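Novice: here's a sequence, model it:
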Amino acid sequence: MSTGAVIAIVVIIVVVIAALAVGAFEMRRRRLRQQFGPEYDRLVSETGNRRKAEAELAERQRRVSKLDIRPLTREENARYQGEWNAIQERFVDTPAEAVDQASTLVTTVMRVRGYPVEDQNEAEDALSVDHAPTLARYREARVISDRAGSGTATTDDLRNAMLHYRELFHELVVVPGGEPATGTAPGAAANDTAPAGTAATDPAAIDTTTDPTVTDRAAATSREPVTDAPAEPVTTEAPVEPADPGTPTAADDAVTRGAVPPQRSRRG
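Specialist: You can find the predicted model right below:
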């Protein structure tokens, strides 16, 4: 074989190896972007170096793979869901305290499941591996919690923080087999089993443009007692059309409509 042929073969092999390496690199980049989503873009912008950001994300994957992260048992799921519902009910009367309790409960669930919680940055790094789409809103909720501690958070801020905490909470609270958490789900009335006359407590339904303390207007609506009155004579007036069943009533004001269920991570 001539020297020229040998050189040509070597060049072809080098080109093929380089193409395979580039393909593997691009595939790895696509997987990281798909898994981390907005966290990928945030870290690239923060570091100013795409390769450095990707190395950091890969390192997070490695660290989290060594953690013993587990789903909650059914008993734990039921207990924490009950605690969440109670906190959400207290939001109506004491929103700042309820947000602080929601933050504590989310941290507790993270600890029980096996996430590191002693260092906030480490906790957020671990969450980014399995809950990247929710992480930005969780960070925002943390910031609002800090402002609430100094008394600078508005009622609307607190409502948003409660909703952000709830989104992560519902991703974290699952039972073995990947079944969704029981109890109040996003988009449903937060106090479906509450006694008549109590306030609906889904923070998404609270009108913060008026008095933040919301009462059940449907329960407060007066009703006339039924009496045995003599039958009225038939008149020629047009009958009253029944209310359109699709028209929202006062009781519906306390229900969150159109909420999108949170995404679940591959770990549950």
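Novice: pLDDT wise, what is the residue nearest to residue 139 when sequence neighbours are not counted at?
Specialist: Excluding its sequence neighbours, the residue lying closest to residue 139 (CB to CB, 6 or more residues apart in numbering) is residue 124, at 6.8 Å. Any C-beta I mention is one placed from the backbone N, CA and C, and that applies to glycine too. With respect to pLDDT, residue 124 scores 93.
Novice: give me the neighbour count for residue 124.
Specialist: 18 (other CB atoms under 10 Å).
Novice: got a list of what residue 136 touches?
Specialist: Residue 136 sits next to 38-39, 42 when contact means CB atoms under 8 Å, 6 or more residues apart in numbering.
Novice: re the thing from before, any idea how far the residue nearest to residue 139 lies from residue 135?
Specialist: 6 Å (CB to CB, to the nearest Å).
Novice: likewise residue 154?
Specialist: For residue 154, the distance to residue 135 (CB to CB) stands at 24 Å.
Novice: more neighbours: which of these two?
Specialist: Per other CB under 10 Å, whichever of residue 154 and residue 135 has more neighbours is residue 135, with 21 against 14.
Novice: what's the helix or strand for the more buried one?
Specialist: Here residue 135 is covered by helix 120-149, with elements defined by DSSP states H and E.
Novice: check which element follows the one helix or strand residue 27 maps to along the chain.
Specialist: Using DSSP H and E, residue 27 falls within helix 3-36. Following helix 3-36 in sequence order, the next helix or strand is helix 38-47 (DSSP H and E).
Novice: outside of whatever helix or strand comes next after that following helix, which residues touch it?
Specialist: Downstream of helix 38-47, the first helix or strand assigned by DSSP H and E is helix 50-65. Under the criterion CB under 8 Å, 6+ apart, residues 28-29, 32, 36, 39-40, 43-44, 46-47, 125-126, 128-130 lie in contact with helix 50-65.
Novice: now do the helix or strand just after helix 50-65: which elements does it pack against?
Specialist: Along the chain past helix 50-65, the next helix or strand (assigned with DSSP H and E) turns out to be helix 74-90. Counting contacts by 3 or more CB pairs under 8 Å, 6 or more residues apart in numbering; DSSP states H and E, helix 74-90 is packed against helix 95-113, helix 155-172.
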